[in-house]
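*Asks:* Build me a structure from this.
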Amino acid sequence: MTVHDIRAFNRFYTNVIGALDYSRQLYAPYTLTESRVLYELAHSPRTDAADLRAELSLDAGYLSRILNKFEQDGLIERTASRRDPRRRRVTLTARGRETGKLLEERANESVGSLLSTVPATERPRLAEAMTTVRTILSHRRPPRREDVLLREPGPGDLGWIVQRNAALYAAEYGFNADYEGLVARIVADFAEDHDPHLERVWIAELDGRPVGCVMCVRDEAPGTARLRLLLVEPDARGLGIGDRLVTAVVDFARGVGYRDLVLWTNDVLAAARRLYQRHGFVLTAEKPHRSFGTDLNGQDWRLDLHGTQE
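*Replies:* Numbers count the residues shown, from 1 in each chain. Have a look, this model is predicted:
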């Protein structure tokens with residue numbers, strides 16, 4: 001293989017995906033780079049301008065011009081970071097979230113149209129070839145925190161949540177099929193009837209595969225949201241995925257106006273409990289019970305969303 005071969009492939013692929021005329025491809029007034037910045041903002045609950053610049057390897061001046069355009073279009077708000085006043089925190093407005101969602105839907109439709117031209121028998125070969133390219137060009141380095149993205153669920157992801165919860169909790173805590181039934185009911189209720197403005201699911205993705213999830217749903221108590229089904233795959237732990245998923249729920253719940261965020265867990269989930277404590281959750285009640293084929297100690301946790309902003 002020569003430099004010419006790689007450059008030829010790059011020209012071919014950018015033409016296939018319409019990278020040189022991305023705004024026309026998606027019927028939107030944003031270039032590929034601008035759309036990528038918007039995508040990162042939509043999938044990173046807390047993002048500083050410096051983080052964006054490092055993640056996307058963008059020139060500081062170029063990124064500043066993009067963010068200025070987004071601000072003029074009402075897509076973002078920029079404020080001083082509470083953790084470091086020298087940094088500028090960038091967050092999407094409601095209009096920005098809607099725009100990001102629209103662009104993602106159109107991008108998915110575009111790629112779906114491309115994939116529809118590939119025979120089903122050839123798709124495994126295509127997926128394997130793409131994985132090979134990514135693996136070789138990444139020099140087989142271990143995954144980094146910035147390689148993980150948070151996204152909304154796609155087709156099959158809700159089923160994955162049920163399957164992985166059942167399998168992992170059986171392997172790690174000895175839960176029986178009763179737990180799978182509970183998770184299936186929770187996921188089915190969300191799929192059949194949820195308010196997209198007040199309830200969400202996040203999927204953590206690494207190298208094209210789901211490695212984590214969490215849900216934010218309305219609780220029976222007025223003004224209260226419930227965090228449910230937090231999970232991180234064992235081989236993806238240590239990358240801060242659990243922290244990012246909980247942060248996503250907290251920021252979303254606060255942003256849409258909930259007063260409290262609650263959750264129910266069991267004390268055997270030690271790592272999860274420590275994570276909740278770091279985010280300011282307070283234990284409000286606990287009670288022994290026998291569920292899922294084992295003796296457990298259930299715990300209720302609560303976070304006051306108006307009293308815990310960083």
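*Asks:* Around residue 74, count how many other residues there are.
*Replies:* Look at residue 74: counted by other Cβ atoms under 10 Å, it has 12 neighbours. No exception for glycine: its C-beta is placed from N, CA and C like everyone else's.
*Asks:* For the top helix by length along the chain, buried residues please.
*Replies:* Looking across the chain with DSSP state H, the single longest helix is helix 94-116. Residues 96-97, 99-100, 103-104, 107 are the ones in helix 94-116 that count as buried (16 or more other Cβ atoms under 10 Å).
*Asks:* Equivalent analysis for stretch 296-303, please.
*Replies:* Buried residues in stretch 296-303 (16+ other Cβ under 10 Å): 296, 299, 301-303.
*Asks:* Quick check: of those residues, which lies closest to residue 230?
*Replies:* Nearest to residue 230 among these: residue 301, at 11.6 Å, using Cβ to Cβ.
*Asks:* what's across from the closest one in the sheet?
*Replies:* When assigned by DSSP bridges, residue 301 has beta-bridge partners residue 263, residue 283.
*Asks:* Identify the residues contacting it.
*Replies:* Contacts for residue 301 (Cβ atoms under 8 Å, 6 or more residues apart in numbering) come out as 262-265, 273, 276, 281-284.
*Asks:* repeat for residue 302
*Replies:* Counting by Cβ under 8 Å, 6+ apart, residue 302 has contacts 260-262, 281-282, 284.
*Asks:* so who does residue 106 touch?
*Replies:* Going by Cβ under 8 Å, 6+ apart, the list of residues near residue 106 reads 26-28.
*Asks:* Let's see that with 10 Å instead.
*Replies:* Listed by Cβ atoms under 10 Å, 6 or more residues apart in numbering, the contact set of residue 106 reads 25-28, 35.
*Asks:* Would you mind listing which of these are buried?
*Replies:* Among the contacts of residue 106, the ones that count as buried by 16+ other Cβ under 10 Å are 25-26, 28, 35.
*Asks:* Check what pLDDT residue 141 gets.
*Replies:* Turning to residue 141, the model gives it a pLDDT of 69.
*Asks:* what's the answer for the one 5 residues further on, then?
*Replies:* At residue 146, the pLDDT value in this model is 73.
*Asks:* any idea which element the residue nearest to the spatial centre of the chain lies in?
*Replies:* The centroid of the chain falls nearest to residue 150 when counting by Cα atoms, centre = their mean (1.7 Å). Using DSSP states H and E, residue 150 sits within strand 148-151.
*Asks:* circling back to that earlier point, farthest pair within the contacts of residue 302?
*Replies:* Top of the distance list for those (Cβ to Cβ): 261 and 284, 12.1 Å.
*Asks:* who has more neighbours, these two?
*Replies:* residue 261 (27 against 10).
*Asks:* which ones are touching that one?
*Replies:* The neighbours of residue 261, taking Cβ under 10 Å, 6+ apart as the test, are 216, 219, 224-227, 246, 249-250, 252-254, 276, 279-281, 301-305, 308.
*Asks:* one more time with 8 Å, if that's ok
*Replies:* Counting by Cβ under 8 Å, 6+ apart, residue 261 touches 216, 224-227, 249-250, 253, 281, 302-303, 305.
*Asks:* Now do the SS call for it.
*Replies:* strand (DSSP: H, G, I helix; E, B strand; the rest coil).
*Asks:* same question, the one 4 residues further on
*Replies:* Assigned by three-state DSSP, the conformation of residue 265 is strand.
*Asks:* Look up phi and psi at the residue nearest to it when sequence neighbours are not counted.
*Replies:* Nearest residue to residue 265 in three dimensions, chain neighbours excluded: residue 299, at 5.5 Å (Cβ to Cβ, 6 or more residues apart in numbering). Per-residue torsions, residue 299: phi -130, psi 140 (degrees, to the nearest 10).
*Asks:* Now do residue 53, the pLDDT please.
*Replies:* Confidence score, pLDDT, at residue 53: 83.
*Asks:* in the stretch 201-310 of the chain, which spans are helices?
*Replies:* Using DSSP state H, counting those that start in this stretch, the helices of the stretch 201-310 of the chain run over 241-255, 270-278.
*Asks:* just the ones you listed: most buried one?
*Replies:* Compared across the helices of the stretch 201-310 of the chain, helix 241-255 shows the largest average neighbour count, a mean of 21 (mean count of other Cβ atoms under 10 Å).
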